[in-house]
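> Below are the sequence and a predicted model for it; my questions follow.
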Amino acid sequence: MDGETVTPACVLYARPGTACDVCDSRYRPADELLTAATIMTPSVLLVDATLAERIRDPRSVPEHAIIVATDEQAATALGKRAALSLAGMTDVAARRAIFHAACQEASAEYTIAQFEDEFHEVSRIGIALMRERDRKALLRLIVTQSKRLTFSDGGGLLLARDDVDGRQWLRPVLYAFDSIEGQWIAPESGYLLDDTTLIGHAAMLKQPVVIADMYDLPHDELFERALEFDLAHQYRRRSMLAVPMLDQLGHVLGVLLCVNRKTDPNARIRTKEDADRYVIEYSKREVRLVRMLASQAAIAIENARLYAQVEDAFESFVQAAVSAIDLRDPATAGHSQRVAELVTTLAEDLERKESGPYRDVRFSPGQMRALRFAALLHDVGKIAVPEDLLLKAKKLPRGGLERIEARFDLIARTIELEACRTRAGTSEADADTALAAQLEELEHFRVVVRTADEPSVLDEPVAAELRVIAERTYERPDGTIAPYLTPEELHYLELPKGTLDPSERAEVEAHVTATRDLLASIPWTDELKELVTYAYGHHELLNGAGYPHHLAGDEIPLQTRLITIADIFDALTAADRPYKPAVPVERAMEMLRADAEAGQLDPELVKVMAESESYRRRAATDPPDA
């Protein structure tokens, strides 16, 4: 078709052999349009009666292509599907006018279709950017998509930063070039936010800057060409596009950079000749696309920063909570940190398993973080436990042994006074012997009480002696009669093991409920909210013998099982517990195996821990005599 009449970008398609007194047979075969997946140009399809039979399916013609009927049969067959018709037209000028109108409409339809495709593509990229939480992955995605949308050989991302003197710099975060070895290359130091460089100039203008040839800058440009990059990487920059990224207040967050728009995506640009052959200037389309991408990137980066701040806030809270636990219970200081380290290591060991029931287990970064937080916070509920119980190292309550010792001192003085009053009629030797025997017996009672007060298992002979002691009485200075041991003191001293009676143990065990209540009140992110469940159940056992809900089997999450094993192991091997000696790590592993065989712990997890070398790191902190 005549170039003066029809838009050059428009392409005519017709059935081979079609006679056309207007286009002078300068058209492409219709099959090129009908069989192609996508035609990236405005298109007009000339349809005669024969071709009309082939295009009954509307999907066979691209939506943006304009159909023109060339005869009466085609016009009748196509009906409303034909945008225009030449049927019955004999005047060449009129026919040319129809072709011109068809091409104009095709260009408009193509432009609309192109905008729709670009909108959908940018929207898809925007969704991907919003979903990406990993900052490094997010920045790479931004650069990758800017290169892809603009057919660029290279791309880069620079973020604004203030230095100690208050000057604003644009610091390169990453660059990616198809033509440079390694593709992702380390960026240089940075650019001041001023007019001396292309990047700084774009940031100052807050508008896109397009350069056709970096080696042939217009004389009125304020910035100078910088060739250091090309020399360092044996590269040839020609066309460049710098688009500033602005936040909601219009502040510059950074600059998105595209380099060397290529006509051939596989071309490598190393020399001037390569640039001459393959590199073209960035058009309005690329500027429009990158501006949209830069806007979305700015929002995504801001969201990522806010998300990172939320994560930092959670991290700070967790560390503060752990510090609070350590301050309340110095005897177990460091326990939560050690449990978290062991749990994380055990989870990583589990991921490496290639056989067994957990061979397919993998933890995402978010799941691993939730697991670590749960391990760090599993005892946070101890903040609500009375300090006397939290720090109780002996069976008797605080000051209990001292009261008994003082009472026995009083009893000794009472025995001595009574001996003085009853010496009449008795030889001095006999009186001294009797007094010594009574005091010796009293001292033995002291030893029995001290022995029983320890958190070790109470032997029956000691228990029997305690009952005998409790039945003995003495006379107080006011003349009243009182027992050597009160019923309450006997109650505590007769505890078969440990330092807590059932009511005290219930108060301590309630720390898991306090942990749940405290953690559940915090608005965790979606990927962290499950940590409440993981931490809450760390005293549950697979056979249902744990607490608080006596969960069993699959009712206990895998993450909770990991925390339980690490918690027990650290409690056994800890050298800082005043109420029990530390257990050597190998002995602790034997005890874990025994618990697994008894159905309390997950045998596969205990096996993974035993097979790894991670638990042996604990040996370095064992006491010399452990």
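Alright, I've got the coordinates.
> Check which helices and strands the helix ranked longest in the chain sits against.
Longest helix in the chain by number of residues, with DSSP state H as the criterion: helix 284-328. Helices and strands touching helix 284-328, by 3 or more Cβ pairs under 8 Å, 6 or more residues apart in numbering; DSSP states H and E, are helix 92-131, helix 135-150, strand 240-246, strand 252-262, helix 335-351, helix 365-377. In short, each C-beta sits where N, CA and C put it, glycine included.
> got JSON lines for the ones you listed, with distance to D501, mean neighbour count and mean pLDDT too?
Shown next, in JSON lines, are these (distance: least, Cβ to Cβ, whole Å; neighbours: other Cβ atoms under 10 Å; pLDDT from 0 to 100):
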{"stretch": "helix 92-131", "distance to D501": "54", "mean neighbour count": "16", "mean pLDDT": "72"}
{"stretch": "helix 135-150", "distance to D501": "53", "mean neighbour count": "19", "mean pLDDT": "84"}
{"stretch": "strand 240-246", "distance to D501": "65", "mean neighbour count": "25", "mean pLDDT": "92"}
{"stretch": "strand 252-262", "distance to D501": "62", "mean neighbour count": "25", "mean pLDDT": "92"}
{"stretch": "helix 335-351", "distance to D501": "24", "mean neighbour count": "20", "mean pLDDT": "92"}
{"stretch": "helix 365-377", "distance to D501": "28", "mean neighbour count": "21", "mean pLDDT": "93"}
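> closest one to E428 among these?
helix 335-351 (60.4 Å; Cβ to Cβ).
> what's the closest one in contact with?
Helix 335-351 is contacted from outside by 322, 325-326, 358, 361-363, 368, 371-372, 375-379, 562-563, 565-567, 569-571, 574, 605, 608-609, 611-612, 614-615, using Cβ atoms under 8 Å, 6 or more residues apart in numbering.
> Report the buried members of those.
Buried members of the contacts of helix 335-351, scored by 16 or more other Cβ atoms under 10 Å, are 322, 325-326, 363, 368, 371-372, 375-379, 562-563, 565-567, 569-571, 574, 605, 608-609, 614-615.
> For H64, which phi and psi angles does the backbone take?
Backbone geometry at H64, expressed as degrees, to the nearest 10, gives phi -90, psi 0.
> and it, what pLDDT?
H64 is assigned a predicted lDDT (pLDDT) of 72.
> Wait, it touches A106, no?
Yes - the pair H64 / A106 is scored as a contact, 6.9 Å apart, by Cβ atoms under 8 Å.
> what sits in contact with each of those two?
P42, S43.
> For the stretch 251-400 of the chain, give me the ranges with low pLDDT.
Across the stretch 251-400 of the chain, the ranges flagged by pLDDT under 70 are 330-332.
> L442: what secondary structure?
Recorded secondary structure, L442: helix (DSSP: H, G, I helix; E, B strand; the rest coil).
> for it, what are its contacts?
With contact taken as Cβ under 8 Å, 6+ apart, L442 is in contact with F408, I411, A412, I415.
> Could you pull out the strands in the stretch 451-600 of the chain for me?
Assigned by DSSP state E, counting those that start in this stretch, the strands in the stretch 451-600 of the chain fall at 473-475, 481-483.
> packing partners for the first one?
Same thing as strand 473-475. Packing partners of strand 473-475 (3+ Cβ pairs under 8 Å, 6+ apart): helix 400-421, strand 481-483.
> And for the last one?
Packing contacts for strand 481-483, counted by 3+ Cβ pairs under 8 Å, 6+ apart, involve strand 473-475.
> So what are the sheet partners of the strand it packs on and their directions?
Partners of strand 473-475 in the sheet, by DSSP bridges, are strand 481-483 (antiparallel).
> Quick one: residues in contact with the strand it pairs with.
By Cβ under 8 Å, 6+ apart, the residues outside strand 481-483 that reach it are A470, E471, R472, T473, Y474, E475, R476.
> Just the buried ones among the residues you listed, please.
A470, Y474.
> want to throw the contacts of strand 481-483 into TSV with distance to H444?
TSV is the format used below for the contacts of strand 481-483 (distance: Cβ to Cβ, whole Å):
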residue	distance to H444
A470	15
E471	15
R472	12
T473	17
Y474	16
E475	21
R476	22
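> sorry, back to before: and the contacts of L442, which is closest to G553?
F408 (52.3 Å).
> Which strand or helix spans L601?
According to DSSP states H and E, L601 maps onto no helix or strand at all.
> Distance of it relative to S336?
L601 is 20 Å from S336, where distance means Cβ to Cβ, to the nearest Å.
> for L417, same thing?
In this view, L417 and S336 are 55 Å apart by Cβ to Cβ.
> quick one: Q168 and Y615, what's the gap?
Going from Q168 to Y615 by Cβ to Cβ gives 51 Å.
> what does A431 give?
64 Å.
> cool, E507 as well?
31 Å.
> ok, residues contacting stretch 397-417?
388, 392, 394, 396, 435, 438-439, 442, 445-446, 449-450, 453, 474-476, 484-485, 489, 492.
> R261 reaches R285, doesn't it?
No - with contacts counted by Cβ under 8 Å, R261 stays clear of R285, the gap being 10.3 Å.
> Any of the contacts of stretch 397-417 buried? List them.
Among the contacts of stretch 397-417, those classed as buried by 16+ other Cβ under 10 Å are 392, 394, 396, 435, 438, 442, 445-446, 449, 453, 474, 484-485, 489, 492.
> Pick the one among these closest to R270.
When the buried ones among the contacts of stretch 397-417 are compared for distance to R270 (Cβ to Cβ), K392 wins out at 75.9 Å.
> contacting residues for the closest one?
Residues near K392 by Cβ under 8 Å, 6+ apart: R398, T499, L500, E504, Y579.
> go with 7 Å
Shown in contact with K392 (Cβ atoms under 7 Å, 6 or more residues apart in numbering): T499, L500.
> you'd agree it is in a helix?
No - read with three-state DSSP, K392 is coil and lies in no helix.
> Quickly note the distance from it to L500.
7 Å.
> Counting neighbours, what do you get for A419?
17 (other Cβ atoms under 10 Å).
> among the helices and strands packed on helix 284-328, which is nearest E311?
helix 365-377 (8.0 Å).
> contacts for the closest one?
Counting by Cβ under 7 Å, 6+ apart, 318, 321-322, 336, 339-340, 343-344, 347, 363, 515, 519, 527-528, 530-531, 534-535, 559, 562-563, 566 sit against helix 365-377.
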